[in-house]
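**Q** Got a predicted structure plus its sequence, pasted below:
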There are 2 protein chains.
Amino acid sequence: MGIKVYGSMVSIATLRVLLCLAEKDLVFELINVDLASGEHKRPHILARNPFGQIPAFEDDDIKLFESRAISQYISRTYASKGVDLTSNDPKKATVESVWMEVESQKLEPAAMKLIWELCMKPLLFGQNSDDAVVSVEKKKLESVLDVYEARLSESKYLGGDSFSLADMHTVPTIKFLMDTQMKQVFDARPCVSAWVADIMSRPACVKGHWVSVVRLLGVGLILGAFRCGDGPEHPPPPPRSSPSGLTSLSNTHNYTYICIYKGAHPQTLGSSTPHSLLVKVLSLYLYVYRISN
Amino acid sequence: MGIKVYGSMVSIATLRVLLCLAEKDLVFELINVDLASGEHKRPHILARNPFGQIPAFEDDDIKLFESRAISQYISRTYASKGVDLTSNDPKKATVESVWMEVESQKLEPAAMKLIWELCMKPLLFGQNSDDAVVSVEKKKLESVLDVYEARLSESKYLGGDSFSLADMHTVPTIKFLMDTQMKQVFDARPCVSAWVADIMSRPACVKGHWVSVVRLLGVGLILGAFRCGDGPEHPPPPPRSSPSGLTSLSNTHNYTYICIYKGAHPQTLGSSTPHSLLVKVLSLYLYVYRISN
């Protein structure tokens, strides 16, 4: 029993939930859903998320889907654990909810199209970005960040003086965008830029929770080492007996590992994609580790 | 002071807020924002909604935007008024929040594209619908409604046994779609169909709150007569001294009227659009009233 997340480290919505669990310092189990083989459309996932998407979430008898509803549940249910992510003051909570809606309705639509064009298409599927789409969506992103800039010129965080779900919900998408040409759109706005630096340097984002160091050592990749308990700051080596292909190694020393062995999933990772490009996209939140055979 | 909504009766997001206020039986003032003249991009609206969109909402010193954040504020702040729209039980509230996310993330994206293609483009702008877009979005709508059908086969409302914001947020978009060829997509699903009939027949949707009767009498149109207080079930005639063009007549006998005089805004209403078609789209929530000169 306990908290289980059915998801994938390459899913922004899953990462939103994992980040929330890390902020609340909660122990959880990540059950990897193999998107490449269409596992998310199989009955055991459809029973947990009727749209056949990830994440799906379980906390004993509570079964939820939709990442933002899950993070709100976690924040409310585990109010006394970890970092406060929702204000107890009704007025402040109302302002936070406005900016949660802004992330959902304004930031994400533009950001997801840009992430698809600039990350997923070229790096995972070996396709060219559509410059026209990028141009249109970049303008939308600029408009949204103009509003963020004005807001962040008057308060440290989107919801007010404290970090909240309104900020946290933006982290996975911004993490992706900051490793693309869109970084300049953030950098051009001083208050946004300072805020991004702040929220990306939180303990839940670094120090082993969400390992962002990448080294490609030529033998194997570990797609994410996510601390889900009181493990050490740096993750220990993963088990050596893992099967080839995409696999969830689940909890070892309180870290969840997901491994992709070199060439195991060429159709997903794009076997023709240069490793340097793969590293670029993976470097957002992946940890590369030598696996000796 | 009191509650003020800056919006338009042709804005789905505005209607979501007005419907919430009607469910809570609250007195409010609707200040019409003239979309046709770009009033939503002027400083007095930008100061209330930094995206230059509607609605914007004020309740004394509380100033909000984003319709779903506004409805949650209204529901929480006026919990003792009108209909309960949010459960007090945390588990039930969590389930409601999942289905609020489903509306926001799944239903609305497909619905808004269909409403644009099937209502706005042909009826307000005299443009042809793009059949390819309609076909793609119809499939998405069908997939979403398959999930709704399964959900509504096990509970009367989306959030559980009681009507909640999860249902209410869907009403404005469904009201539009039910007057298009998409009605068959709803009708083909018995549980969805019964649920739509139920939520559309609520007092806040009919009986003068949200007048859906349309008669085109050839002299003038009233775009919406929205009861904002304890007025009679049927709205009284609007003032006769209204200026031509789109105008907010604000509160008369506790009704808010918005009038469009025949031909006053041909660029908005599509002067070449047959009246029968105009009636079709307006019939969703408009009341036509003879205005003698």
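**A** Yep, that arrived.
**Q** Quick one: name the residues of the stretch 1-150 of chain A near chain B.
**A** Applying C-beta under 8 Å from any C-beta of the partner chain, we find that the stretch 1-150 of chain A lies next to chain B at A:50-51, A:62, A:64-66, A:68-69, A:72-73, A:76-77, A:90-91, A:94, A:97-98, A:100-102, A:104-106, A:143, A:147, A:150. All C-beta atoms are positioned from the backbone trio N, CA, C, and that covers glycine.
**Q** Where does the prediction get shaky in the stretch 51-200 of chain A?
**A** By pLDDT under 70, the low-scoring segments of the stretch 51-200 of chain A are A:123-125.
**Q** Break down it into its helices, ranges please.
**A** In the stretch 51-200 of chain A, the helices defined using DSSP state H, counting those that start in this stretch lie at A:67-77, A:90-102, A:108-115, A:131-152, A:165-168, A:171-177, A:183-187, A:190-200.
**Q** quick one: residue A:26 from chain B, how far?
**A** Residue A:26 sits 16 Å away from chain B, going by C-beta to the nearest C-beta, to the nearest Å.
**Q** tell me the contacts of that residue?
**A** By C-beta atoms under 8 Å, 6 or more residues apart in numbering or on different chains, the contact set of residue A:26 is A:3, A:74, A:78, A:81, A:82, A:228.
**Q** now residue A:28
**A** Neighbour list for residue A:28: A:2, A:3, A:4, A:5, A:18, A:21, A:228 [criterion: C-beta under 8 Å, 6+ apart].
**Q** my guess is the first one meets residue A:27, correct?
**A** Spelled out, it's residue A:2. Yes. With contact defined as C-beta atoms under 8 Å, residue A:2 counts as touching residue A:27 (6.8 Å).
**Q** quick one, what contacts residue A:112?
**A** Residue A:112 touches A:12, A:173, counting by C-beta under 8 Å, 6+ apart.
**Q** Same drill for residue A:2 and residue A:27, tell me which one is more crowded.
**A** Just comparing residue A:2 and residue A:27: by other C-beta atoms under 10 Å in any protein chain shown the higher neighbour count belongs to residue A:27, 13 against 10.
**Q** picking that back up, only whichever of the contacts of residue A:26 are buried, select them in ChimeraX.
**A** The following ChimeraX line selects those of these that are buried, judged by 16 or more other C-beta atoms under 10 Å in any protein chain shown:
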select /A:3,74,78,82,228
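**Q** which one of the contacts of residue A:26 is nearest residue A:172?
**A** residue A:74 (15.2 Å; C-beta to C-beta).
**Q** So that closest one versus residue A:82, what's the distance?
**A** 9 Å (C-beta to C-beta, to the nearest Å).
**Q** Give me the common contacts of those two.
**A** A:24, A:26.
**Q** about what we covered before: pull out the buried residues from the residues of the stretch 1-150 of chain A next to chain B.
**A** Buried subset of the residues of the stretch 1-150 of chain A next to chain B (neighbour count, 16+ other C-beta under 10 Å): A:50-51, A:64-66, A:68-69, A:72-73, A:77, A:94, A:97-98, A:100-102, A:104-106, A:147.
**Q** what's the closest residue to chain B within the stretch 151-293 of chain A in contact with, if anything?
**A** Closest approach between the stretch 151-293 of chain A and chain B, counting by C-beta to the nearest C-beta: residue A:151, at 7.3 Å. Residues counted as contacts of residue A:151 (C-beta under 8 Å, 6+ apart) are A:99, A:158, B:50.
**Q** which residue packs closest to residue A:161, ignoring adjacent ones?
**A** The shortest distance from residue A:161 to any non-neighbouring residue, by C-beta to C-beta, 6 or more residues apart in numbering or on different chains, is to residue A:155 (6.5 Å).
**Q** wait, doesn't the one you found sit right on residue A:163?
**A** No. Using C-beta under 8 Å, residue A:155 makes no contact with residue A:163, being 11.3 Å away.
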